[in-house]
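J.: Sequence and predicted structure, then a few things I'm wondering about:
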Amino acid sequence: MVFKKMLGAFGVGGPSVDTVLSQPGAQPGASVTGQVNLVGGSSDAAIEHITLGLVTRMEVEHGGGDQQAVGEFHRLTVSGPMRLGSGQHLSLPFQLILPWETPITAVYGQPLRGMVMGVRTEVSIARALDKGDLDPIQIHPLPVQQKILDAFAQIGFVFKSADLEYGQIAGVHQALPFYQEIEFFPAQQYAHVINEVELTFVTSPRQVDVILEFDKRGGLFSGGHDNFGRYTVSHNDAETTDWTSVVDGWVRQAVEHRQSAPQAPGHGLGYGQPAYSHHGHYQQSHGHGHGHGGGSGMGGVAMGVVGGLAAGYVAGEIMDEVFEDDEGED
């Protein structure tokens, strides 16, 4: 087996590591399995711990502007103290449970432009830490997330880009220190009133908070401003809801909302002082149960926009190139 990287922190003749994922991707809340393969170096090594971390790139406000930063947001200890003999081959299995709020990085198998994520392996020997292996991973949408993305495409919105913003959304419970923004160019029928739409999913085991930000165009006698909407949807509704109608209703609600009713300070969703906020809840009136639901529902509509989504949700970077600078700093 060819190992990806010698553990350079331990010098020439040190051990090498290769982390192998059983599958290239998974959905939020699911498990990623694999094994960490080690080969001992020219002498025995006392390993203090082996840890896996989910690493991604996000935007962080600094000095009045945004800067990109690479950060770890989830960790798993694969092994505690152990001894790796000279030339010894050792495989350590693992099961990494993805947080429910893990951001989407791929749609219909195509990398999402602007999103990168990897599993990084850390090996500690004699208080020297080496981040020796980085493996890209794809995070696919949950069924209800996919249906909402399909609905935006079906209405005519065009995917623009996605990124992660470091921070918390006021009024929304978040387990992770960042949130994802998926940006769309407006559909033709809304282009005269909307510049773009930003979509955020904040996911938990039972439901998904859907936060929408509409960048509205200014009129002849009024400036443009942002409208906001927040909706709570159930995983169980994925296959039994007409999501095209639901999402179009959200958009129409934002477009038709009067511009003369800004919220008082201290309210809203935490993106500054929003001019519009709505809390809606789509609760299934029938067909509740466990899991993500079943049936065909909107399957035909979803399949009809697969081509458009696959063409639009394409990565602009390659994982190795994106994390090259990060690895070089280690």
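T.: Noted; the coordinates are in hand. Residues are numbered from 1 along each chain as shown.
J.: for the stretch 201-330 of the chain, which spans come out with low pLDDT?
T.: Residues of the stretch 201-330 of the chain meeting the criterion pLDDT under 70: 217-226, 257-330.
J.: can we see that at 90?
T.: 215-229, 253-330 (pLDDT under 90).
J.: so is Gly34 in a helix, a strand, or just coil?
T.: Following DSSP: H, G, I helix; E, B strand; the rest coil, Gly34 is assigned to strand.
J.: Could you give the number of residues near it?
T.: 21 (other CB atoms under 10 Å). No exception for glycine: its C-beta is placed from N, CA and C like everyone else's.
J.: Can you give the domain ranges for the protein?
T.: Domain assignment of the chain by automatic domain parsing yields the ranges 5-140+318-329, 143-297.
J.: Quick check: buried residues in stretch 105-116?
T.: Residues of stretch 105-116 classed as buried: Thr105, Ala106, Val107, Tyr108, Pro111, Leu112, Arg113, Gly114, Met115, Val116 (neighbour count, 16 or more other CB atoms under 10 Å).
J.: try stretch 236-247
T.: Buried, per 16+ other CB under 10 Å, within stretch 236-247: Asn236, Asp237, Ala238, Glu239, Thr240, Thr241, Trp243, Thr244, Val246, Val247.
J.: Helices - which of the residues you listed land there?
T.: Trp243, Thr244, Val246, Val247 (DSSP state H).
J.: Which residue, neighbours along the chain excluded, lies closest to the last one?
T.: Using CB to CB, 6 or more residues apart in numbering and skipping the chain neighbours, the partner closest in space to Val247 is Ala151 (3.9 Å).
J.: Am I right that that neighbour falls within a helix?
T.: Yes - read with three-state DSSP, Ala151 is one of the residues of a helix.
J.: Count the neighbours of it for me.
T.: Around Ala151 there are 24 residues (other CB under 10 Å).
J.: Quick check: the gap between it and Trp243.
T.: Distance, Ala151 to Trp243, by CB to CB, to the nearest Å: 4 Å.
J.: how would you label Pro28: helix, strand or coil?
T.: Relying on three-state DSSP, one would call Pro28 coil.
J.: Can you classify the residue most central in space within the chain as helix, strand or coil?
T.: When the chain is reduced to its mean C-alpha position, the nearest residue by CA atoms, centre = their mean turns out to be Pro103, at 1.1 Å. Pro103 carries the three-state label coil when classified by three-state DSSP.
J.: residues contacting it?
T.: Thr56, Met115, Met117, Ile139, Ala162, Leu164, Phe178, Gln180 (CB atoms under 8 Å, 6 or more residues apart in numbering).
J.: Show the buried residues in those.
T.: Buried members of the contacts of Pro103, scored by 16+ other CB under 10 Å, are Thr56, Met115, Met117, Ile139, Ala162, Leu164, Phe178, Gln180.
J.: before we move on, the earlier item: I'd like the ones in helices among the buried residues of stretch 236-247 as JSON lines, with distance to His62 appended.
T.: Output for those, formatted as JSON lines (distance: CB to CB, whole Å):
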{"residue": "Trp243", "distance to His62": "38"}
{"residue": "Thr244", "distance to His62": "40"}
{"residue": "Val246", "distance to His62": "38"}
{"residue": "Val247", "distance to His62": "34"}
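J.: can you name the two of those that are farthest apart?
T.: Longest distance between any two of those is 7.3 Å, between Thr244 and Val246; criterion CB to CB.
J.: anything in contact with each of these two?
T.: With CB under 8 Å, 6+ apart, Thr244 and Val246 have common neighbours Ala151.
J.: mind checking which helix or strand the closest residue to Leu54 other than its chain neighbours is in?
T.: The shortest distance from Leu54 to any non-neighbouring residue, by CB to CB, 6+ apart, is to His74 (4.2 Å). Assigned by DSSP states H and E, His74 falls within strand 65-79.
J.: ok, that strand: who's next to it in the sheet?
T.: strand 45-62 (antiparallel) (DSSP bridges).
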